[in-house]
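Student: Test case, fold it:
(one chain, ligands or ions: 3)
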Amino acid sequence: MKTVFSPLHNRRTATTELDGGVLIAPHEKPSRAETILGRVKQEQLGDVLPPEDFGLEPVLRVHTPDYVSFLQTCWKDWEAEDKPGEAIPAVWPGRGMRERVPKDIDGRLGYYSFAAETSITEGTWDAACASANVALTAQALVANGEPAAFALCRPPGHHAHADLLGGYCFFNNAAISAQAFRDQGAKRVAILDVDFHHGNGTQAIFYQRSDVLTISLHGDPDLVFPHFLGFEDETGEGDGNGYNQNLVYPPGTPFEVWREGLETACQRITEYQPEALVIALGVDTFEDDPISFFKLTSADYLLMGERLATLNLPTLFTMEGGYDVDAIGVNVVNVLKGFERGR
Ligand code: OKS
Ligand code: MG
Ligand code: ZN
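Tutor: Numbers count the residues shown, from 1 in each chain. Ligands and ions are numbered 1, 2, ... in the order given. Sure thing, here's the model as predicted:
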């Protein structure tokens with residue numbers, strides 16, 4: 001399987017993440033991508049290609065123009081006010097308040113975000129664009145006949161809504177790729193999110209549509225991020241009714257239990273008969289992940305990959321979360337090796 005990777009991911013080097021009332025060094029850091037790339041090469045998964053530049057057009061099929069412009073100038077606008085630190089949202093349009101876009105950068109940061117852990121920094125825009133191009137380049141490989149491809153995206157994407165950043169995400173790479181499959185003629189596309197967290201952005205983007213099936217397995221949002229979306233009674237709306245599925249699990253969930261959800265998801269995908277599959281691949285389900293509470297082992301990721309392969313669909317993997325950097329390379333490449341073994 002080919003991997004698409006951009007060294008420009010490295011333009012995203014925030015130094016702060018608001019966590020527990022203090023600013024910590026971000027969990028979502030450059031060594032994540034470098035470690036995965038190292039393992040891809042070590043295991044000789046396949047060629048590693050640079051991204052092509054698709055410009056903003058495919059991004060704008062999913063994200064609103066005003067959100068994209070905000071992201072593009074956010075750092076410049078923040079810097080112009082001589083703020084002492086990185087750009088962190090701290091005020092939101094709460095219940096009963098006005099949903100209008102303020103002029104001031106503090107107001108716009110709040111309008112275009114749903115959480116405060118994700119500091120915006122000088123290179124964030126460049127890295128987010130590179131990440132979308134990585135996804136779109138891998139998507140094109142699959143659209144042009146590769147059975148599967150791995151988009152080694154960083155920053156991740158699945159929390160980003162059409163006009164909201166959060167959870168370390170800016171552009172929703174999985175959603176942009178699914179939309180690209182659709183725009184290139186695929187009638188139905190499925191997105192399966194195996195990251196520990198709910199793919200709230202992906203769900204929201206396609207919630208009223210039946211042409212993109214969205215399924216996410218994740219930790220109970222009653223207990224973990226993103227807290228305000230991802231419950232099992234969210235099944236889609238209007239045309240999208242029946243085309244979103246959330247499979248929610250409690251703390252301590254081992255693979256033997258998690259795999260039942262995977263089975264449910266796989267059966268739904270088979271029934272849906274998509275022409276392409278996008279896997280939002282996070283490995284923060286790992287037993288030693290510092291911010292999550294599932295108990296998957298490194299060996300389990302091989303089995304996960306094997307099951308995904310039996311769907312027998314053109315498959316794009318987009319990289320999402322996973323924060324135990326010591327294990328991230330092994331775990332990610334295990335999914336991809338398991339997939340190749342299962343084909
Ligand atoms: C807040 C924790 C924020 C968690 C963001 C989740 C990032 C992730 N203290 N999403 O898949 O891995
Ligand atoms: Mg998930
Ligand atoms: Zn995650």
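
Student: could you list every residue that touches residue 27?
Tutor: 17, 168, 290, 291, 323 (CB atoms under 8 Å, 6 or more residues apart in numbering). For glycine as for every other residue, the C-beta is placed from the backbone atoms N, C-alpha and C.

Student: Could you tell me the phi and psi values at it?
Tutor: Here is the backbone geometry of residue 27 (degrees, to the nearest 10): phi -70, psi -30.

Student: Relative to ligand 2, how far out is it?
Tutor: From residue 27 across to ligand 2, the span is 17 Å (CB to the ion, to the nearest Å).

Student: The helix ranked longest in the chain close to ligand 1?
Tutor: Secondary structure of the chain per DSSP state H: the longest helix is helix 124-143. No. Applying CB under 6 Å from any ligand atom, one finds helix 124-143 out of contact with ligand 1, separated by at least 13.9 Å.

Student: Which positions in this structure make contact with ligand 1?
Tutor: So the chain meets ligand 1 at 19, 117, 159, 167-168, 195, 197, 225, 282, 284, 291, 320-321 (CB under 6 Å from any ligand atom).

Student: mind listing the strands in the stretch 1-150 of the chain by residue range?
Tutor: In the stretch 1-150 of the chain, strands defined by DSSP state E, counting those that start in this stretch lie at 2-4, 17-19, 22-24, 48-49, 148-151, listed in chain order.

Student: Need the winner for burial among those strands.
Tutor: Ranked by mean neighbour count, the strands of the stretch 1-150 of the chain are led by strand 148-151 with a mean of 28 (mean count of other CB atoms under 10 Å).

Student: for that one, what is the average pLDDT?
Tutor: For strand 148-151, mean pLDDT is 99.

Student: which residues are contacting it?
Tutor: 1-4, 40, 45, 134-135, 137-139, 141-142, 173, 177, 314-319, 336, 339-340.

Student: now the helix or strand that comes right after that strand and helix 124-143, what's the angle there?
Tutor: Sequence order places helix 173-183 as the next helix or strand after strand 148-151, per DSSP states H and E. Interaxial angle, helix 173-183 versus helix 124-143 (axes from the mean of the first three to the mean of the last three CA atoms, to 10 degrees): 40 degrees.

Student: Which single residue in the stretch 201-343 of the chain comes nearest to ligand 1?
Tutor: Nearest residue of the stretch 201-343 of the chain to ligand 1: residue 321, at 2.7 Å (CB to the nearest ligand atom).

Student: dump the residue contacts of that residue.
Tutor: 28, 156, 168, 195, 196, 197, 282, 283, 284.

Student: For residue 171, see how far away the residue of the chain found nearest ligand 3 is.
Tutor: Ligand 3 sits closest to residue 321 of the chain, with a gap of 2.8 Å, by CB to the ion. Between residue 321 and residue 171 the computed distance is 15 Å (CB to CB, to the nearest Å).

Student: now do residue 317
Tutor: Residue 317 is 17 Å from residue 171, by CB to CB.

Student: Kindly report the same for residue 18.
Tutor: 21 Å.

Student: Now do the top strand by length along the chain: which elements does it pack against?
Tutor: If you go by DSSP state E, the chain has its longest strand at strand 212-219. Judged by 3 or more CB pairs under 8 Å, 6 or more residues apart in numbering; DSSP states H and E, strand 212-219 is in contact with helix 173-183, strand 189-193, helix 200-206, strand 244-249, helix 255-272.

Student: Wondering if it reaches ligand 3 at all.
Tutor: No. Using CB under 5 Å from the ion, strand 212-219 stays clear of ligand 3, with a minimum separation of 8.0 Å.

Student: Briefly note if that strand comes near ligand 2.
Tutor: Yes. Using CB under 5 Å from the ion, we find that strand 212-219 touches ligand 2 at 216, 218.

Student: Please tell me how far that strand is from the chain's geometric centre.
Tutor: 11 Å (CA atoms, centre = their mean, to the nearest Å).

Student: what does the protein put close to ligand 3?
Tutor: Counting by CB under 5 Å from the ion, the chain sits next to ligand 3 at 195, 196, 197, 282, 284, 321.

Student: try 8 Å
Tutor: 156, 158, 167, 195-197, 225, 282, 284, 291-292, 320-322 (CB under 8 Å from the ion).

Student: can you put those residues in TSV and add secondary structure and pLDDT?
Tutor: Formatted as TSV, these follow (DSSP: H, G, I helix; E, B strand; the rest coil; pLDDT from 0 to 100):
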residue	secondary structure	pLDDT
156	coil	99
158	coil	99
167	coil	99
195	coil	99
196	coil	99
197	coil	99
225	coil	98
282	coil	99
284	coil	99
291	coil	98
292	coil	98
320	coil	99
321	coil	99
322	coil	99
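
Student: Between those residues, identify the one with the most neighbours.
Tutor: The residue in the residues of the chain next to ligand 3 with the most neighbours, by other CB atoms under 10 Å, is residue 158 (32 neighbours).
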